[in-house]
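> Sequence unavailable; structure follows:
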């Protein structure tokens, strides 16, 4: 499973000392759980503050006179319209409007942007962006530079996250959800996350990270949280995992992510995949992403086929597991558009047994973001 | 007098009067993490060694538990329907999975004893 080219987190020694159980994810050896276990880690994050090492994710800085135009070509986004410190959830799309990756882009300055990309797609993203930048340069549009940053990336999530950061000497007071700043040299901090809770993501040099982690872990409200709970938290929050819930074969309209694309960009934006996306919107997507709540206690997992009451195939599950805060199994997947209505009852095939499963609004647990 | 056996697949069997009570070891429950569902077998089902008898589901994944020997299910631990976490808190006690009538007691000779199992998990 783990070959020689498995990547290791810079803070791996700290996770090992904390008793982490490691597993492979997107080419990285990642802490899956700590001794508290996934259930307690999940609930602790919703009740207090969870600390996640997400250094497998990649930070890119895009800068130069052509930075905004480059990002508005790569993503269905008006990068020039972002305020400084404003963040936006967006995607790289291919020509067919398939999602190459989902990203958060923050405007750092007039000609500087931070792009946060997924671990498994980081190399593809970098290549894609660099190729676009060269193409831009060749056409004489503008100059734009892409720098992959060497940072430790931490997330601290939960209702006590801001207070724990304050005690560790980092004031977050005026920073609102989906905004990001550079509080210190080579630091990037945004109020964002992947749990549905209030929280922060902080990219910083390794030495600073070791110092911050030590200060945070002195606070009894803060616990290390592994990738297993990160997955159950994001699933309850209805957030997509790229590679499962969204892929290069899935477009934003089918994925129910059109809220991330401003109306004027949908209509006239110059982004890659625009023609394909407009055609999909025009005829309507054949399938839509929905939340799914299995009846009973048995989890329904990714890959399970979905059927209507007459036994006709109608879709499939892309993520599924147990929701510790919801208190029942939770899932999401794609179903034929005509059936994609909350309350509709379908059936999931789990090892040959048909389990009733209802379309459920997302998220399963309410978002608690600090918006103002 | 009950005698306890172990398998390399991290199961234990407590055998008394031709009936084996089967569960997973403490090491196995630790590896799986918090269980949220146990798919129990029906009484009377005949199993051959290696058949999937039970599926245990953690928050993250589903794992098969195999029949360690041939036999017929005589009872499933219905307490696990309402509280699957018993497997985590008492893997070798109240968290047992099923009982089976042994079809061929000589199969027990191929299993590990506790010392052998401890060596197996290192």
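Perfect, thanks for sending it. Here the structure is a predicted model, which is why all the values come from computation and not from measurement.

> could you measure the residue in the stretch 201-350 of chain A that chain B sits nearest to against residue A:20, distance?
As assessed by CB to the nearest CB, chain B sits closest to residue A:322 within the stretch 201-350 of chain A, at 4.0 Å. Any C-beta I mention is one placed from the backbone N, CA and C, and that applies to glycine too. From residue A:322 over to residue A:20 the distance is 21 Å, taken as CB to CB, to the nearest Å.

> got the residue ranges for the helices in the chain?
As the question left the chain open, I've gone with chain A. With helices called from DSSP state H, chain A shows them at A:12-17, A:38-47, A:67-74, A:122-138, A:161-167, A:206-217, A:227-236, A:263-268, A:274-283.

> hmm, I had chain B in mind actually
Under DSSP H, chain B gives helices at B:26-32, B:79-82, B:86-89, B:114-121.

> Any buried residues in the longest one, and which?
When you say that, I think you mean helix B:114-121. Neighbour counts over helix B:114-121 (16 or more other CB atoms under 10 Å in any protein chain shown) mark residue B:117 as buried.

> pLDDT below threshold where in chain B?
For chain B, no stretch is flagged by pLDDT under 70.

> can you tell me which of the helices of chain A the model trusts least?
Of all these, mean pLDDT reaches its minimum on helix A:122-138 (a mean of 88).

> before we move on, the earlier item: need the helices of chain B in TSV with distance to chain A, can you?
Conversion of the helices of chain B to TSV gives the following (distance: least, CB to the nearest CB, whole Å):
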stretch	distance to chain A
helix B:26-32	8
helix B:79-82	8
helix B:86-89	8
helix B:114-121	15
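
> what number of residues lie near residue A:307?
Number of residues near residue A:307 (other CB atoms under 10 Å in any protein chain shown) recorded here: 16.

> So which residues on chain B come close to chain A?
Residues of chain B found near chain A (CB under 8 Å from any CB of the partner chain) are B:31, B:33-34, B:36-37, B:39, B:55, B:57-62, B:81, B:84.

> For residue A:272, which non-adjacent residue is closest in space?
residue A:93 (5.6 Å; CB to CB, 6 or more residues apart in numbering or on different chains).

> Pull the number of nearby residues for residue 21.
No chain was given, so I picked chain A. Other residues near residue A:21 come to 16 when the count uses other CB under 10 Å.

> wrong one, chain B
Per other CB under 10 Å, the neighbour tally for residue B:21 reads 20.

> Tabulate the helices of chain A (CSV), appending distance to chain B.
Listed next are the helices of chain A as CSV, based on distance: least, CB to the nearest CB, whole Å:
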stretch, distance to chain B
helix A:12-17, 16
helix A:38-47, 4
helix A:67-74, 33
helix A:122-138, 24
helix A:161-167, 22
helix A:206-217, 22
helix A:227-236, 5
helix A:263-268, 37
helix A:274-283, 33
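
> how far does stretch A:315-332 sit from the chain's center?
What separates the centre of stretch A:315-332 from the centre of its chain is 17 Å, taken as CA atoms, centre = their mean, to the nearest Å.

> For that stretch, measure first residue to last.
Criterion CA to CA, to the nearest Å; first-to-last residue distance in stretch A:315-332 is 11 Å.

> Which positions in that stretch come out as buried?
By 16+ other CB under 10 Å, the buried positions in stretch A:315-332 come out as A:315-326, A:328-332.

> What average pLDDT does it get?
Average pLDDT, stretch A:315-332: 97.

> Mind pulling up the pLDDT for residue A:3?
Per-residue pLDDT puts residue A:3 at 53.

> Then the one 4 residues further on?
What the model reports as pLDDT for residue A:7 is 96.

> who's in contact with residue 78?
Defaulting to chain A. Residue A:78 makes contacts with A:72, A:262, A:264, A:265, A:269, as judged by CB atoms under 8 Å, 6 or more residues apart in numbering or on different chains.

> should've been chain B
So residue B:78 contacts residue B:40 (CB under 8 Å, 6+ apart).

> Spatially central residue for the chain, please.
Picked chain A for this. By CA atoms, centre = their mean, chain A has its centre lying nearest to residue A:194, at 5.6 Å.

> Please refer instead to chain B.
With distances taken as CA atoms, centre = their mean, the residue of chain B nearest its centroid is residue B:23 (2.6 Å).

> And the residue nearest to that one when sequence neighbours are not counted, its phi and psi?
Once flanking residues are discounted, residue B:23 sits nearest to residue B:96: 4.2 Å by CB to CB, 6+ apart. In terms of degrees, to the nearest 10, the main-chain angles of residue B:96 are phi -60, psi 160.

> Just the strands from chain B, written as ranges.
Counting by DSSP state E, chain B has strands at residues B:3-6, B:11-16, B:19-24, B:35-39, B:46-47, B:52-58, B:62-66, B:71-76, B:98-102.

> of those, which approaches residue A:244 most closely?
Nearest to residue A:244, of all those, is strand B:62-66, at 16.2 Å by CB to CB.
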